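Student: From the sequence below, what's the structure:
(one chain, ligands or ions: 1)
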Amino acid sequence: MKRVLNLWQWSRSPSGRWWCGLVLSCLLSVSLGTIHQSPTLAQDPGGRSFPRMTSPRENLCPPSALSRVRSHTVAPGETLEAIAEEYDLFPTTLMGMNPQVRNGVVRPGMRLRIPPYDGIEVNVSPDDLWSDLAEEYNVRADVLFEANNCNPPTDVAFIPGANWYPYRDTPDPTPTDDDPGASPVLAEYPLPSPVEPLLGYGWVLPPGASSVVFHSGWDLPATVETPVRASEDGIVAFAGVQQPYGNLVVINHSRGRQTRYAHLASLDVEQGEFVDAGQNLGTVGRTGTPDVPQPHLHFEVRNNSELGWVAQNPDTYL
Ligand SMILES: [Zn+2]
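Tutor: From the prediction side, this is the model:
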């Protein structure tokens, strides 16, 4: 008790006050530091701009795209196009993943990296957030998050739905007062009348499938032979067979926008042809490998980014 009293008396003395002040200010700064740090710590795990994943959600996360990259050794007689078709990929995807074949030529014995679906591999700086990359590549942040192990960006990321492209054409001009930029809404619906999609954009579980896949457009139900119409004026960049799309029409529009019309029964346009909004491009069919069994038009809207044509959610444009 005497010791306590002595301590109390000491604390009232000039040197005691100084020491007590020091100890109190240290305790205060530690506790303030904790308060300041807690929001940062709460944001850090689970992907910064995303809420922390709970364990049931983690179980739903698909294996990351880069963990599923396979190797293919080129056999004599194989072409880049044939290898791409074997894996249901665009030749440009293989060109993006394998710089040694960016001239379009493969040689026997070359080992190629084969991603599980179309996209591009990009270097990421430690400060990048998924929201930054989403803006840069016009891909939804949650799509990037799920394609990359549901974790914050590390040094390399896979951007699903982006096509590697050797150069950038028709860049979006900066909007001015005189030219506020194109309306985001497309001029025409790709079918004679609007319908509810059978399968939407993003990670979907197609009927009968055992795992989720990235679906780069909308599957719009329509009977076979229904006319398919151009969504906007443009130039036909591709009209022909491209697996898994089957009969495919690709139209490049102004301001770096592109639309794709897949699984068509017949084609009414040719590559290089100028088309008007609403012009018939062909008819609904069942060619290629559709994700749903009912006849439908697989419709995509893509925007040109620094590294290629990136699939967008058509919801924004229709
Ligand atoms: Zn589809």
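Student: what's the helix or strand hosting Leu133 packed up against?
Tutor: Following DSSP states H and E, one finds Leu133 within helix 130-137. Here helix 130-137 touches helix 141-147, strand 156-160, going by 3 or more CB pairs under 8 Å, 6 or more residues apart in numbering; DSSP states H and E. The way it works is simple: take the backbone N, C-alpha and C, and place the C-beta from them, glycine included.
Student: And those, which one averages the lowest pLDDT?
Tutor: Lowest mean pLDDT within those: helix 141-147, at a mean of 89.
Student: Off-centre distance for that one?
Tutor: With CA atoms, centre = their mean, to the nearest Å as the basis, helix 141-147 stands 7 Å off its chain's centre.
Student: in the stretch 101-250 of the chain, what residue is nearest the ion?
Tutor: Proximity to the ion, evaluated over the stretch 101-250 of the chain using CB to the ion, is greatest for Asp219 at 4.2 Å.
Student: For that residue, report the pLDDT, please.
Tutor: Looking at Asp219, its pLDDT reads 97.
Student: Excluding chain neighbours, what is closest to it?
Tutor: Excluding the flanking residues, the one nearest Asp219 by CB to CB, 6 or more residues apart in numbering is Leu199, at 4.0 Å.
Student: ok, now which ones touch that neighbour?
Tutor: Leu199 is in contact with 206, 215, 218-219, 291-292, counting by CB atoms under 8 Å, 6 or more residues apart in numbering.
Student: any idea how far it lies from Pro221?
Tutor: As judged by CB to CB, to the nearest Å, Leu199 and Pro221 stand 10 Å apart.
Student: Tell me where the model's unsure across the stretch 201-318 of the chain.
Tutor: Scanning the stretch 201-318 of the chain for pLDDT under 70 picks out 305-308.
Student: who in it is up against the ion?
Tutor: 219, 291, 298 (CB under 5 Å from the ion).
Student: Please repeat the previous calculation with a cut-off of 6 Å.
Tutor: By the criterion of CB under 6 Å from the ion, the positions of the stretch 201-318 of the chain lying close to the ion are 215, 217, 219, 291, 298.
Student: Would you mind checking which of the residues you listed is nearest to Glu188?
Tutor: Gly217 (16.2 Å; CB to CB).
Student: give me every residue that touches the nearest residue in space to the closest one that is not next to it in sequence.
Tutor: Distances taken as CB to CB, 6+ apart put Glu300 closest to Gly217, at 3.5 Å, once the chain neighbours are dropped. Shown in contact with Glu300 (CB under 8 Å, 6+ apart): 216-218, 258-260, 262, 311, 314.
Student: Point me to the residue of this protein nearest the ion.
Tutor: For the chain, the nearest residue to the ion under the criterion CB to the ion is His298, separated by 3.6 Å.
Student: sec struct for that residue, please.
Tutor: strand (DSSP: H, G, I helix; E, B strand; the rest coil).
Student: The residue nearest to it when sequence neighbours are not counted: neighbouring residues, count only.
Tutor: Spatially, and ignoring its direct neighbours in sequence, His298 is nearest to Ala262 (3.8 Å; CB to CB, 6+ apart). Counted with other CB atoms under 10 Å, residues neighbouring Ala262 total 25.
Student: In three-state terms, label Ala262 for me.
Tutor: Following three-state DSSP, the label given to Ala262 is strand.
Student: you'd agree it is up against Arg286?
Tutor: No - contact criterion CB atoms under 8 Å: Ala262 and Arg286 do not qualify, at 10.8 Å.
Student: Overlap of the contact sets of those two?
Tutor: In contact with both Ala262 and Arg286: Gly246, using CB under 8 Å, 6+ apart.
Student: From Phe145, how far out is the residue nearest to Asp219?
Tutor: Relative to Phe145, and taking CB to CB, Leu199 is found at 21 Å.
Student: next one: Arg302
Tutor: In terms of CB to CB, Arg302 sits 21 Å off from Phe145.
Student: again with Val228
Tutor: Separation of Val228 from Phe145 (CB to CB): 33 Å.
Student: just to revisit the earlier point, farthest-apart pair in the contacts of Leu199, please.
Tutor: Pro206 and Trp218 (13.2 Å).
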